[in-house]
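*Asks:* fold the following, please.
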Amino acid sequence: MITRATLLYCCLLIILVVGGAREALAFATVDDGGRLLQGFRSFAATSANIQNHRRNKCQQRFTCGVRSAPTDEENDNVKQRSSAFIDQFNANEVLANISSELQELSACFTLAYNYVTKPTNDVSVEDIVRSCDAIDNIITTSSSPSSHDETKLLTEKLMLRKRVHEYGRYQLFTKLMKVDYHAYVTTAEFLSPNRVLREELPNIQDVMYNDSSAKAAAADNVVIASSSSTSSPSSNVIIGGAGVDNMMPLVPDCELKDLSYTDSPLDKLLLYIFRTFVAEYTGLSRQDDIPGIKGLLAQGREYMTLGTQPTDQHDMVKNTLGKLMTPILPPFYRIFMSGIIPKIGTIYDGKQLGPWPYAPYLTSIVTPIFFGFLVGPSRPNRRKDGNRGGLIVEKCKFLQESKCKGLCLHQCKLPAQEFFAETLGLELSVVPNFVTQECQWSFGERPLPVEDDVTFPRGCLVGCESRTAMAGRKGSDVLCM
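*Replies:* As a prediction, the model looks like this:
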């Protein structure tokens, strides 16, 4: 039979084990046995001494370490600051902020939806100008002193509405380009670069670069030089009209500052392999004493000045590109991109069902990775028809370092177009801009013959280093068009 004293004893023992010896003494009474109470008091005193000793040891170790334990005053200060912070953001304010954020998100979503769903035929120049005005108003408001309030919404700090208007403006430009390309070019030239950055345009193929120095150079009369002019054109250049005997027109050089390119390990590897294939095909030296892209251009210039025909240069580049892609990639591309049925012994062998709709866009995504060693940085953009599949070379490394239209035409533009059409089964249009040294690649777009392309200037570049070597050659004008 468990007595009341035994039950109380067990309860007190459990409380003491947990560390509440002092609280356990409050339950003990003289009626439950004096001896038992005295024993527990002695045990509690001993436990309290042990706990105090351990606490002092811990405090000594903490004090001798990196920092001392916080004082009661410091703890109170932390509690006060925490309380003030919590009071500042009470439940009502939090709910109000969340509601405001959701309203702004909803408004931005509605704006984006209206831009995307606007019918293509209803887009006008006024719509684009209004989007520019909205962006300018947001920028003006955000730059005012009152806009630096810490209580601003997160969506306002991120300028989400401005980003939505920029996205919508891009969509409007694209739709305008589809219905009226001339109006697109005119509008882009009017707004860029003061209100719309050049890199924010969906296509810049025919958009004039609005720079004062470039405009002045383009507005000059045709530059004429004797066919025996040296590589230093300054002493032999004549300003005047056409029709001068034994003279050919010269195209002004790019007025923009040269870029400094940093090749990645992949670029260096691909360039080394490409130069090796060129040396094998031409039988000429690799010219290893000239590093990088300049060495490749020296190889190409030497091959061009040996008396080779343009078609020979085209074949050299196409052969080199084919080896660079290995025997595996071209058949894979022809099947899964161009939709060409492989030779499997059927009546449909070689028939082309494509190119598939995704081919131009995917090609524009992959190309910058593997052709950067030749042309430099590039990014996907839109074709002239407003569809995806465009690629803009920001400043062509090949053209900047060569300063030669002949090399650009017969060792880059034409062989690249022929290689994609004949080997890969996808049309490609390459349109260089000699004013800015940009270059527009449009996959899936049929190129114009050079002789029919009014945007391709005739004559040699003023700073071309190949002109002296080609001066006495018959038909040298064909090399530069």
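*Asks:* can you mark which positions in the host helix or strand of Y167 are buried?
*Replies:* Y167 is part of helix 160-179, with elements assigned from DSSP states H and E. Neighbour-count burial for helix 160-179 flags 160-162, 164-178 (criterion: 16 or more other C-beta atoms under 10 Å). (C-beta placed from N, C-alpha, C; glycine too.)
*Asks:* neighbouring contacts of it?
*Replies:* The contact list for helix 160-179 (C-beta atoms under 8 Å, 6 or more residues apart in numbering) reads 104-105, 107-108, 111-112, 114-116, 118, 120-121, 123-125, 127-128, 131-132, 134-135, 138-139, 142, 155, 183-184, 187-188, 196, 200-203, 382, 384-386.
*Asks:* give me the buried entries from the residues you listed.
*Replies:* For those, buried by 16+ other C-beta under 10 Å: 104, 108, 111-112, 115, 123-125, 127-128, 131-132, 134-135, 138, 155, 184, 187-188, 196, 200-203, 382, 384, 386.
*Asks:* tell me the first helix or strand C-terminal of the helix holding Y167.
*Replies:* Following helix 160-179 toward the C-terminus (DSSP H and E): helix 181-191.
*Asks:* that following helix vs helix 160-179, what angle?
*Replies:* 140 degrees (axes from the mean of the first three to the mean of the last three C-alpha atoms, to 10 degrees).
*Asks:* coming back round to it: which ones among the contacts of helix 160-179 map onto strands?
*Replies:* When the contacts of helix 160-179 are checked against strands using DSSP state E, the ones located there are R382.
*Asks:* and the helix or strand V317 falls within, which residues are buried?
*Replies:* Using DSSP H and E, V317 maps to helix 310-324. Neighbour counts over helix 310-324 (16+ other C-beta under 10 Å) mark 310, 313-314, 316-323 as buried.
*Asks:* tell me what it is packed against?
*Replies:* Helix 310-324 sits against helix 265-282, helix 292-304, helix 414-419, with contacts defined as 3 or more C-beta pairs under 8 Å, 6 or more residues apart in numbering; DSSP states H and E.
*Asks:* got the CA positions of stretch 341-354 in PDB?
*Replies:* Extracted as PDB, the C-alpha positions of stretch 341-354 are listed here (Å, rounded to 0.1, in the frame of the first residue of the first chain):
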ATOM      1  CA  ILE A 341      15.600  13.100 -94.400                       C
ATOM      2  CA  PRO A 342      18.900  11.200 -94.200                       C
ATOM      3  CA  LYS A 343      19.900   8.600 -96.800                       C
ATOM      4  CA  ILE A 344      18.300   5.400 -95.500                       C
ATOM      5  CA  GLY A 345      17.400   3.800 -98.800                       C
ATOM      6  CA  THR A 346      14.000   5.200 -99.400                       C
ATOM      7  CA  ILE A 347      12.500   7.400-102.100                       C
ATOM      8  CA  TYR A 348      12.400  10.300 -99.600                       C
ATOM      9  CA  ASP A 349      16.200  10.400 -99.100                       C
ATOM     10  CA  GLY A 350      17.500  14.000 -99.100                       C
ATOM     11  CA  LYS A 351      14.000  15.500 -99.100                       C
ATOM     12  CA  GLN A 352      13.800  18.600 -96.900                       C
ATOM     13  CA  LEU A 353      10.700  18.900 -94.700                       C
ATOM     14  CA  GLY A 354      12.000  21.900 -92.800                       C
END
